[in-house]
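In: Make a model of this:
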Amino acid sequence: MAIHPTAIIENDVEIGPDCEVGAYSVIKRYTKIGARNRIFEHVVLGGEPQDVKFKNEQSHLEIGDDNQIREFCTFHRANGEGTTTRIGSRNFFMVGVHVAHNCVIGDDNIFANDVALAGHIEIEDHVFLSNNVGAHQFVRMGRYAMVGGKSKIVQDVLPFFITDGNPPRVRGINSVGLRRAGFSEEARRALKDAYRQLFRSSLPMAKALEQLEQVDDEHVSHLVKFIRGSKRGFSRG
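Out: Purely as a prediction, here's the structure:
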């Protein structure tokens, strides 16, 4: 473990093996960090939530393994007694990313400069958020989604697709990301067909989902389940 002498680490903090903590970073109480994380300069982890309902209760921030957290990132602990803001493993947070209270972030995501996540956001795995994306509280973002720069996200972001613009719209499948991730040609074709059925056909959404439920593809099944689980609605084509 390498901790710069100017870093500040409060009581009630756990840091796993082989982590690096850069100059002038602050790790506040009730924070638990896994192994092999690189925390660069001027990062603040475990700060109190920016929520008027917060009453100084004991809540937590937990971070997995092998994350890169670049300069000036801020991750806040949760709001609510015994609750936790959770961040998975192998994520790359570029300069100035903010993760607010009660967020749950999966693994292998990339967040570009100045991404801002409000409270209670859920992000699955392998999501790419471009620079200056701002997300409203309680939205969900599905696996292998890509969001274009400066998009204002106020509804759920569908998995496997590119969402971009203000207001945001689904532009097509994330074909480059899926190829890089090793998706087979058959799987990519099934998702492309699903996109067309959802956004390029004249079918009502309910009927399109019923038909997609008959498709024998695990990724299409996840897409349908994600849509059916949406409470805020989702960005459409």
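In: who touches V215 in this structure?
Out: A190, D193, A194, S221 (C-beta atoms under 8 Å, 6 or more residues apart in numbering). Backbone N, C-alpha and C define where each C-beta goes, glycine included.
In: Across the sheet, point out what pairs with the closest residue to V157 other than its chain neighbours.
Out: The shortest distance from V157 to any non-neighbouring residue, by C-beta to C-beta, 6 or more residues apart in numbering, is to M141 (4.2 Å). Beta-bridge pairing for M141 (DSSP bridges): I123, V157.
In: Put the alpha carbons of stretch 57-76 into PDB.
Out: C-alpha atoms of stretch 57-76 as PDB (Å, rounded to 0.1, in the frame of the first residue of the first chain):
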ATOM      1  CA  GLU A  57     -26.700   9.000  10.700                       C
ATOM      2  CA  GLN A  58     -24.100   6.200  10.200                       C
ATOM      3  CA  SER A  59     -24.100   5.200   6.500                       C
ATOM      4  CA  HIS A  60     -21.400   3.800   4.300                       C
ATOM      5  CA  LEU A  61     -19.400   3.900   1.000                       C
ATOM      6  CA  GLU A  62     -18.100   0.500  -0.300                       C
ATOM      7  CA  ILE A  63     -15.700   0.300  -3.200                       C
ATOM      8  CA  GLY A  64     -14.600  -3.000  -4.800                       C
ATOM      9  CA  ASP A  65     -11.200  -3.900  -6.400                       C
ATOM     10  CA  ASP A  66      -9.000  -2.600  -9.200                       C
ATOM     11  CA  ASN A  67     -10.700   0.700  -9.800                       C
ATOM     12  CA  GLN A  68      -9.000   3.800 -11.100                       C
ATOM     13  CA  ILE A  69     -10.300   7.000  -9.500                       C
ATOM     14  CA  ARG A  70      -8.800  10.100 -11.100                       C
ATOM     15  CA  GLU A  71      -8.300  13.600  -9.800                       C
ATOM     16  CA  PHE A  72     -11.100  15.500  -8.100                       C
ATOM     17  CA  CYS A  73     -13.600  12.700  -8.100                       C
ATOM     18  CA  THR A  74     -16.100  12.800  -5.200                       C
ATOM     19  CA  PHE A  75     -18.000   9.700  -4.000                       C
ATOM     20  CA  HIS A  76     -20.600  10.200  -1.200                       C
END
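In: Tell me which residue lies nearest the centroid of the chain.
Out: I123 (3.5 Å; C-alpha atoms, centre = their mean).
In: Would you mind listing the residues in contact with Q211?
Out: Q197, L203.
In: How about the secondary structure of it?
Out: helix (DSSP: H, G, I helix; E, B strand; the rest coil).
In: 57 is where my numbering starts, stick with that
Out: Yep, numbering from 57; the last one is Q267 now.
In: Quick check: pLDDT value at it.
Out: On pLDDT, Q267 comes in at 96.
In: name the element the most far-flung residue of the chain relative to its centre belongs to?
Out: Using C-alpha atoms, centre = their mean, the residue of the chain lying farthest from its centre is S258. It sits 32.0 Å away. Per DSSP states H and E: S258 is located in neither a helix nor a strand.
In: any idea how far L279 is from it?
Out: As judged by C-beta to C-beta, to the nearest Å, S258 and L279 stand 20 Å apart.
In: Show me where the protein has its helices.
Out: 231-236, 241-255, 261-268, 274-284 (DSSP state H).
In: closest to L101 out of those helices?
Out: helix 231-236 (28.1 Å; C-beta to C-beta).
In: Please name every helix or strand in contact with the closest one.
Out: helix 241-255 (3 or more C-beta pairs under 8 Å, 6 or more residues apart in numbering; DSSP states H and E).
In: which phi and psi does the residue farthest from the centre of the chain have?
Out: Main-chain dihedrals, S258, degrees, to the nearest 10: phi -90, psi 10.
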